[in-house]
Structures are given as structure tokens and as C-alpha cells.
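J.: output the structure for:
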Amino acid sequence: MMKLYSNVPKIDLHGETGDISKILVKEFILDNYKLKNKYIIIIHGIGKGIVKKSVYEELKRNKHVKEYKQNNFNSGETIVLLDI
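T.: Below is the predicted model of the structure:
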């Protein structure tokens, strides 16, 4: 699993607020969509789930996101498939 996603673009949202996380994720998705990256990883951490909730709200409504799921091996990150 680790090798499969080792070259995938990642964004780390540790220390960010929910609102800022939404903005950063939206920009990250758009940048990677333009670059034609099929997969991206969003590191939201575990904590109280505030950042994860904001990230999932953005992923749910973003037209460039085909599907997403929490990494089975690391619950603090989500793997996203872009609709390229």
C-alpha cells in the first residue's frame, strides 16, 4: 500500500481550521486536476474530526472528485480519485 501511493501528491492539513482546510483542499484539487493527477492524498489527521468533516464536505460537493475513501492503514488520511 505504501509503495502504491508513494509518488501521489499530498496535502497536510495538521494545525489548520475547518474553514481554511476547505479552501486549501479546493485549491489542491483544482491544481491536481489541471496537472491530470488521477490520485491525491489529503492528510487531515484524527483529532476531534473537525478538519476531516470539513474536508469531506468539500470532497462531496467538488465536481472534480470521482470518489474518495479513508485510508484503511491510516485513518488520518483520505485517498481521492479525481475525475480526469
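J.: longest strand in this structure, by residue count?
T.: Longest strand in the chain by number of residues (criterion: DSSP state E): strand 74-82.
J.: buried ones in that strand?
T.: G76, E77, T78, I79, V80, L82 (16 or more other C-beta atoms under 10 Å). The C-beta positions use only the backbone N, C-alpha and C, and glycine is treated the same way.
J.: same check, this time on stretch 14-26
T.: Quick answer for stretch 14-26 (16+ other C-beta under 10 Å): E16, G18, S21, K22, L24, V25.
J.: pLDDT below threshold where in this protein?
T.: 1-5 (pLDDT under 70).
J.: closest to the centroid, which residue in it?
T.: I42 (2.9 Å; C-alpha atoms, centre = their mean).
J.: what's across from that one in the sheet?
T.: I11, T78 (DSSP bridges).
J.: what ranges do the strands span in the chain?
T.: Counting by DSSP E, the strands of the chain are 10-12, 39-43, 65-71, 74-82.
J.: those into a markdown table, with extra columns for distance to G49?
T.: Formatted as a markdown table, the strands of the chain follow (distance: least, C-beta to C-beta, whole Å):
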| stretch | distance to G49 |
| --- | --- |
| strand 10-12 | 17 |
| strand 39-43 | 14 |
| strand 65-71 | 11 |
| strand 74-82 | 10 |
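J.: what about the longest helix in this structure?
T.: helix 18-34 (DSSP state H).
J.: quick one, that one and strand 74-82 angle?
T.: 40 degrees (axes from the mean of the first three to the mean of the last three C-alpha atoms, to 10 degrees).
J.: so what does helix 18-34 touch, helix or strand wise?
T.: Secondary structure elements in contact with helix 18-34, counted by 3 or more C-beta pairs under 8 Å, 6 or more residues apart in numbering; DSSP states H and E, are strand 10-12, strand 39-43, helix 50-61, strand 74-82.
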